[in-house]
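*Asks:* Pasting the sequence and the predicted model now:
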Amino acid sequence: MKGLGRTGGAGYVRVLTEAAGDPAPRVRAAAALALGRLGNPAAGSEVLLPLMEDADPRVRRRASVAARRLGLEGPAVTEASARPLSDPDRHLRINALDGLAALGVPGDVTALAALLGDPDSTVWGRARSPVNRLRDDTAVRAEVISTARQGPGTARVRALDLLPDRCTEQLLDSLLTGRRWPHTCCAASEPWATSG
(Lines give C-alpha, C1' and ligand atoms only; values in the text may rest on other atoms or scores of the structure.)
Protein backbone atom coordinates (compact mmCIF):
# COMPACT_ATOMS: atom_id res chain seq x y z
CA MET A 1 0.00 0.00 0.00
CA LYS A 2 2.75 2.47 0.99
CA GLY A 3 4.50 1.77 -2.31
CA LEU A 4 1.55 3.18 -4.24
CA GLY A 5 2.28 6.56 -2.72
CA ARG A 6 5.90 6.41 -3.85
CA THR A 7 5.45 5.07 -7.35
CA GLY A 8 1.82 5.67 -8.19
CA GLY A 9 0.19 8.57 -9.91
CA ALA A 10 -3.22 10.13 -9.82
CA GLY A 11 -4.69 6.82 -10.99
CA TYR A 12 -4.03 5.29 -7.57
CA VAL A 13 -6.09 7.87 -5.69
CA ARG A 14 -9.24 5.75 -6.01
CA VAL A 15 -7.48 2.64 -4.68
CA LEU A 16 -6.08 4.56 -1.71
CA THR A 17 -9.42 6.25 -1.03
CA GLU A 18 -11.11 2.85 -0.85
CA ALA A 19 -8.31 1.49 1.35
CA ALA A 20 -8.84 4.39 3.76
CA GLY A 21 -12.25 2.90 4.56
CA ASP A 22 -10.91 -0.60 5.24
CA PRO A 23 -11.90 -2.14 8.60
CA ALA A 24 -8.25 -2.98 9.42
CA PRO A 25 -6.39 -0.08 11.10
CA ARG A 26 -3.08 -1.14 9.49
CA VAL A 27 -4.61 -0.74 6.03
CA ARG A 28 -6.12 2.67 6.87
CA ALA A 29 -2.78 3.84 8.29
CA ALA A 30 -0.93 2.67 5.18
CA ALA A 31 -3.49 4.39 2.95
CA ALA A 32 -3.02 7.67 4.84
CA LEU A 33 0.75 7.42 4.52
CA ALA A 34 0.51 6.64 0.80
CA LEU A 35 -1.86 9.55 0.18
CA GLY A 36 0.64 11.86 1.82
CA ARG A 37 3.40 10.57 -0.41
CA LEU A 38 1.25 10.73 -3.53
CA GLY A 39 1.23 14.51 -3.34
CA ASN A 40 -2.38 15.14 -4.36
CA PRO A 41 -3.81 17.65 -1.83
CA ALA A 42 -7.32 17.62 -3.36
CA ALA A 43 -7.67 13.86 -2.96
CA GLY A 44 -5.89 13.87 0.38
CA SER A 45 -8.15 16.39 2.10
CA GLU A 46 -11.31 14.35 1.48
CA VAL A 47 -9.82 11.24 3.02
CA LEU A 48 -7.28 12.48 5.56
CA LEU A 49 -9.55 14.71 7.65
CA PRO A 50 -11.81 11.81 8.68
CA LEU A 51 -8.72 9.63 9.26
CA MET A 52 -7.32 12.28 11.62
CA GLU A 53 -10.27 11.42 13.88
CA ASP A 54 -9.95 7.63 13.52
CA ALA A 55 -10.35 5.48 16.63
CA ASP A 56 -6.89 3.96 16.15
CA PRO A 57 -3.96 6.21 17.18
CA ARG A 58 -1.67 4.78 14.47
CA VAL A 59 -4.15 5.87 11.82
CA ARG A 60 -4.45 9.34 13.36
CA ARG A 61 -0.65 9.65 13.47
CA ARG A 62 -0.19 8.74 9.82
CA ALA A 63 -3.08 10.93 8.69
CA SER A 64 -1.75 13.97 10.56
CA VAL A 65 1.72 13.54 9.05
CA ALA A 66 0.20 13.11 5.58
CA ALA A 67 -1.94 16.25 5.97
CA ARG A 68 1.15 18.25 6.90
CA ARG A 69 3.15 16.74 4.05
CA LEU A 70 0.42 17.73 1.57
CA GLY A 71 0.25 21.25 2.98
CA LEU A 72 -3.48 21.02 3.70
CA GLU A 73 -4.94 24.26 5.09
CA GLY A 74 -8.21 25.77 6.23
CA PRO A 75 -10.37 25.85 9.35
CA ALA A 76 -11.22 22.14 9.22
CA VAL A 77 -7.53 21.21 8.97
CA THR A 78 -6.64 23.58 11.82
CA GLU A 79 -9.36 22.09 14.02
CA ALA A 80 -8.35 18.52 13.18
CA SER A 81 -4.68 19.37 13.79
CA ALA A 82 -5.41 20.99 17.17
CA ARG A 83 -7.60 18.20 18.54
CA PRO A 84 -4.69 15.86 19.45
CA LEU A 85 -2.98 18.49 21.63
CA SER A 86 -4.53 16.75 24.63
CA ASP A 87 -4.31 13.19 23.26
CA PRO A 88 -2.74 10.62 25.62
CA ASP A 89 -0.47 9.44 22.76
CA ARG A 90 2.73 11.54 22.88
CA HIS A 91 3.32 11.04 19.15
CA LEU A 92 -0.05 12.58 18.38
CA ARG A 93 0.69 15.56 20.62
CA ILE A 94 3.99 16.03 18.78
CA ASN A 95 2.26 15.70 15.39
CA ALA A 96 -0.37 18.23 16.49
CA LEU A 97 2.32 20.74 17.47
CA ASP A 98 4.20 20.18 14.21
CA GLY A 99 1.01 20.51 12.16
CA LEU A 100 -0.04 23.73 13.89
CA ALA A 101 3.48 25.12 13.48
CA ALA A 102 3.29 24.41 9.75
CA LEU A 103 -0.06 26.24 9.64
CA GLY A 104 1.34 29.12 11.71
CA VAL A 105 -1.50 29.04 14.25
CA PRO A 106 -1.64 28.16 17.95
CA GLY A 107 -4.76 25.97 17.75
CA ASP A 108 -6.37 25.50 21.15
CA VAL A 109 -4.38 27.96 23.30
CA THR A 110 -5.52 26.38 26.57
CA ALA A 111 -4.28 22.95 25.46
CA LEU A 112 -1.10 24.52 24.06
CA ALA A 113 -0.25 26.23 27.36
CA ALA A 114 -1.07 23.03 29.27
CA LEU A 115 1.56 21.21 27.19
CA LEU A 116 4.22 23.37 28.83
CA GLY A 117 3.78 20.97 31.76
CA ASP A 118 3.94 17.80 29.66
CA PRO A 119 6.25 15.17 31.20
CA ASP A 120 7.79 14.45 27.78
CA SER A 121 10.57 16.96 27.00
CA THR A 122 9.97 16.68 23.26
CA VAL A 123 6.34 17.70 23.72
CA TRP A 124 6.87 20.62 26.08
CA GLY A 125 9.88 21.77 24.09
CA ARG A 126 7.80 21.90 20.94
CA ALA A 127 4.94 23.61 22.79
CA ARG A 128 7.34 26.29 23.97
CA SER A 129 8.27 27.30 20.40
CA PRO A 130 4.79 28.41 19.23
CA VAL A 131 4.15 30.11 22.57
CA ASN A 132 7.36 32.12 22.07
CA ARG A 133 6.62 32.81 18.41
CA LEU A 134 3.02 33.85 19.07
CA ARG A 135 3.58 35.69 22.35
CA ASP A 136 2.10 38.91 20.92
CA ASP A 137 -1.16 37.10 20.14
CA THR A 138 -3.68 38.29 22.75
CA ALA A 139 -5.18 34.85 23.38
CA VAL A 140 -1.77 33.16 23.70
CA ARG A 141 -0.44 35.80 26.09
CA ALA A 142 -3.58 35.67 28.25
CA GLU A 143 -3.39 31.88 28.51
CA VAL A 144 0.31 31.90 29.37
CA ILE A 145 -0.35 34.47 32.11
CA SER A 146 -3.27 32.38 33.38
CA THR A 147 -1.08 29.26 33.40
CA ALA A 148 1.68 31.16 35.22
CA ARG A 149 -0.84 32.37 37.79
CA GLN A 150 -2.79 29.19 38.47
CA GLY A 151 -1.57 26.33 36.29
CA PRO A 152 -0.23 23.02 37.58
CA GLY A 153 3.35 22.97 38.92
CA THR A 154 5.62 22.36 35.96
CA ALA A 155 3.43 24.19 33.43
CA ARG A 156 3.31 27.12 35.83
CA VAL A 157 7.09 27.30 36.15
CA ARG A 158 7.65 27.06 32.40
CA ALA A 159 4.96 29.67 31.70
CA LEU A 160 6.61 32.04 34.20
CA ASP A 161 9.93 31.46 32.46
CA LEU A 162 8.42 32.53 29.13
CA LEU A 163 7.01 35.80 30.43
CA PRO A 164 8.98 39.05 30.37
CA ASP A 165 10.00 40.54 33.74
CA ARG A 166 7.31 43.22 33.59
CA CYS A 167 4.67 40.45 33.60
CA THR A 168 6.22 38.32 36.33
CA GLU A 169 6.31 41.29 38.72
CA GLN A 170 2.51 41.42 38.46
CA LEU A 171 2.34 37.73 39.37
CA LEU A 172 4.26 37.86 42.66
CA ASP A 173 1.10 37.28 44.71
CA SER A 174 0.34 34.10 42.79
CA LEU A 175 3.89 32.86 43.33
CA LEU A 176 3.30 32.87 47.07
CA THR A 177 0.11 30.84 46.68
CA GLY A 178 2.21 28.30 44.79
CA ARG A 179 3.96 27.27 48.01
CA ARG A 180 1.35 24.57 48.49
CA TRP A 181 2.95 22.50 45.71
CA PRO A 182 3.72 19.00 46.95
CA HIS A 183 7.30 19.17 45.69
CA THR A 184 10.08 18.52 48.20
CA CYS A 185 12.10 21.58 47.21
CA CYS A 186 9.11 23.86 47.79
CA ALA A 187 8.16 22.19 51.08
CA ALA A 188 11.73 22.55 52.33
CA SER A 189 11.79 26.27 51.52
CA GLU A 190 8.40 26.99 53.10
CA PRO A 191 9.70 27.57 56.67
CA TRP A 192 12.33 29.95 55.27
CA ALA A 193 9.72 31.87 53.28
CA THR A 194 7.44 32.37 56.30
CA SER A 195 10.14 33.03 58.93
CA GLY A 196 11.01 36.59 57.87
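*Replies:* In hand now; what should we look at?

*Asks:* how distant is stretch 70-79 from the center of its chain?
*Replies:* Distance of stretch 70-79 from the chain centroid (C-alpha atoms, centre = their mean, to the nearest Å) equals 14 Å.

*Asks:* now the end-to-end length of that stretch.
*Replies:* End-to-end span of stretch 70-79 (C-alpha to C-alpha, to the nearest Å): 16 Å.

*Asks:* Now do the buried residues in that stretch.
*Replies:* In terms of neighbour count (16 or more other C-beta atoms under 10 Å), stretch 70-79 has its buried residues at 70, 72-73, 77-78. Bear in mind the C-beta positions are built from the backbone N, C-alpha and C, glycine included.

*Asks:* per-residue confidence averaged over it?
*Replies:* Stretch 70-79 shows a mean pLDDT of 94.

*Asks:* One more: stretch 41-50?
*Replies:* Rounded mean pLDDT across stretch 41-50 is 88.

*Asks:* all numbers from here: first residue = 55
*Replies:* Understood, numbering begins at 55; the last thing we discussed is stretch 95-104.

*Asks:* Any chance you could list what contacts that stretch?
*Replies:* 64, 67, 70-71, 74, 85-86, 89-90, 92, 117, 120-121, 124-126, 130-131, 134 (C-beta atoms under 8 Å, 6 or more residues apart in numbering).

*Asks:* Now do that stretch: distance to the chain's middle.
*Replies:* Centroid separation for stretch 95-104 versus its chain: 20 Å, with C-alpha atoms, centre = their mean.

*Asks:* picking that back up, buried only: go through the contacts of stretch 95-104 for me.
*Replies:* 67, 70, 74, 85-86, 89-90, 92, 117, 120-121, 124, 126, 131, 134.

*Asks:* Figure out the helix or strand that residue 178 lives in.
*Replies:* helix 175-187 (DSSP states H and E).
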